[in-house]
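Asks: sequence and computational prediction follow.
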Amino acid sequence: MTLYPQLIIDALAKVRYPGSGKNLIEAEMVEDNIRIDGNKVTFSLIFEKENDPFIKSVVKAAESAILTFVGEDVDIKGNISLKFKKELPKPAEGEKPLSKVKHIIAISSGKGGVGKSTVSSNLAVALAKQGYKVGLLDADIFGPSIPKMFGIEGARPVLETVDGRDLIAPEEKFGVKILSIGFFVEPKQAILWRGSMASNALKQLINEGNWGELDYFLIDLPPGTSDIHLTLIQSLELSGAIVVTTPQQVALADARKGIDMFQNEKVDVPILGLVENMSWFTPAELPNNRYYIFGKDGGKQLAIETGTRLLGQIPLVQSVCECGDAGAPIATQDNSIMGMAFAELAEVLSTLCQE
């Protein structure tokens, strides 16, 4: 197969730059000098600044487009160089991340599958409904689900200039400002990043997001304990952490490890409390019935054993799944059983933070 520049240009025209919504050719991000040597292709992509949050995803998308639309045998991996138009001002020396946020709260779980992201999303919505300014960071880097739960999977945040700096504009829905790594990767594509890459991506969403003034900044952490947790803990002055579990014994065992991580003397982040999710199942047709399918009061007992508060017990109803899949967290439904439970949880948290 004979390669020529127009083939490369046509392939790159299929790649969109998230910051503007234009393709790479329309945005004039491809340097004119495309070099071809046999099946080896090299060229430069032009970005506004060195800390552009979309660099890695755009380069990867450009490589994939060439391999898909030009040919699988094209030697392109690692051959795209970068050029920058300018370097914008850095934050003032000594300025702390999220300095305009009153309460930074990490939401954690010892294991996956206990509904941590469901709790994070609905708590954020419940707080916003009570009049608070709320931000939500989806830090579950390898399984970002917040975009799905809010119905904004197709969102591609843009850059906006604030005080001479280009910042990422969070998406906003139900009164909550939202950023997720899921906005910058293909939904069906696995994220194969080492720990340092994941940590740096999260730092960028924190430090370069235009969060503004917030009452609450909730961080939906990945399950378990990892270097991502340590990075966030070391980078931010957390007000505290909330640990999510179910009443099930296997979940409680992992929740203990999560509590221990925050209480470790090298971490020393206060545990605001424990949220027991899926405490019981209530069918829609029998709203007064409770079925303890995962065990009863396991989270309550764990809170007693570890000396932490039980912030709330959240029941399980079928509509929570339907609402999440439809992009409208159940906390938006004031009269639903779970909606009222999350409203109560938000009240408990806000009272606790004002003490």
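Replies: In hand now; what should we look at?

Asks: what about residue 255, distance to residue 106?
Replies: Separation of residue 255 from residue 106 (CB to CB, to the nearest Å): 14 Å. C-beta: built from backbone N, CA, C; applies to glycine.

Asks: the more surrounded of those two?
Replies: Legend: neighbour count by other CB atoms under 10 Å for residue 255 and residue 106, higher for residue 255 (28 against 25).

Asks: other residues contacting the helix or strand harbouring that one?
Replies: Using DSSP states H and E, residue 255 sits in helix 249-263. Contacts with helix 249-263, where a contact means CB atoms under 8 Å, 6 or more residues apart in numbering, come from 106, 108-111, 113-114, 224-225, 229, 241, 243-246, 267-271, 274, 294-295, 298-299, 302, 306, 308.

Asks: which helix or strand lies directly C-terminal to it?
Replies: Taking DSSP H and E, what comes next after helix 249-263 is strand 271-281.

Asks: if you count contacts, what does that next one end up packed against?
Replies: Applying 3 or more CB pairs under 8 Å, 6 or more residues apart in numbering; DSSP states H and E, one finds that strand 271-281 makes contact with helix 116-129, strand 240-245, helix 249-263, helix 298-306, strand 310-316, helix 337-353.

Asks: in it, which residues are buried?
Replies: 271, 272, 273, 274, 275, 276, 277, 278, 279, 280 (16 or more other CB atoms under 10 Å).

Asks: same check on stretch 170-186?
Replies: Here stretch 170-186 shows 170-171, 173-174, 176-185 as buried, counting by 16+ other CB under 10 Å.

Asks: in CSV: those residues, plus pLDDT and distance to residue 346.
Replies: Putting the buried residues of stretch 170-186 into CSV (pLDDT from 0 to 100; distance: CB to CB, whole Å) gives the following:
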residue, pLDDT, distance to residue 346
170, 95, 20
171, 95, 21
173, 95, 17
174, 96, 13
176, 97, 12
177, 97, 16
178, 96, 17
179, 94, 21
180, 91, 21
181, 83, 26
182, 83, 24
183, 85, 25
184, 77, 29
185, 71, 30
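
Asks: ok, which pair from the residues you listed is furthest apart?
Replies: Within those, 174 and 185 form the most distant pair, 23.4 Å apart (CB to CB).

Asks: pLDDT score for the residue nearest the centre of the chain?
Replies: Nearest to the mean C-alpha position of the chain, by CA atoms, centre = their mean, lies residue 138 at 1.5 Å. With respect to pLDDT, residue 138 scores 92.

Asks: for the one 5 residues further on, same thing?
Replies: On pLDDT, residue 143 comes in at 76.

Asks: quick one: it and residue 220 touch, right?
Replies: No: look at residue 143 against residue 220 with CB atoms under 8 Å: they stay out of range, at 10.2 Å.

Asks: and for residue 141, the neighbour number?
Replies: 23.

Asks: can you list the domains in the chain?
Replies: Domain segmentation of the chain under automatic domain parsing yields 8-84, 101-353.

Asks: pick the most buried one from these.
Replies: domain 101-353 (a mean of 19; mean count of other CB atoms under 10 Å).
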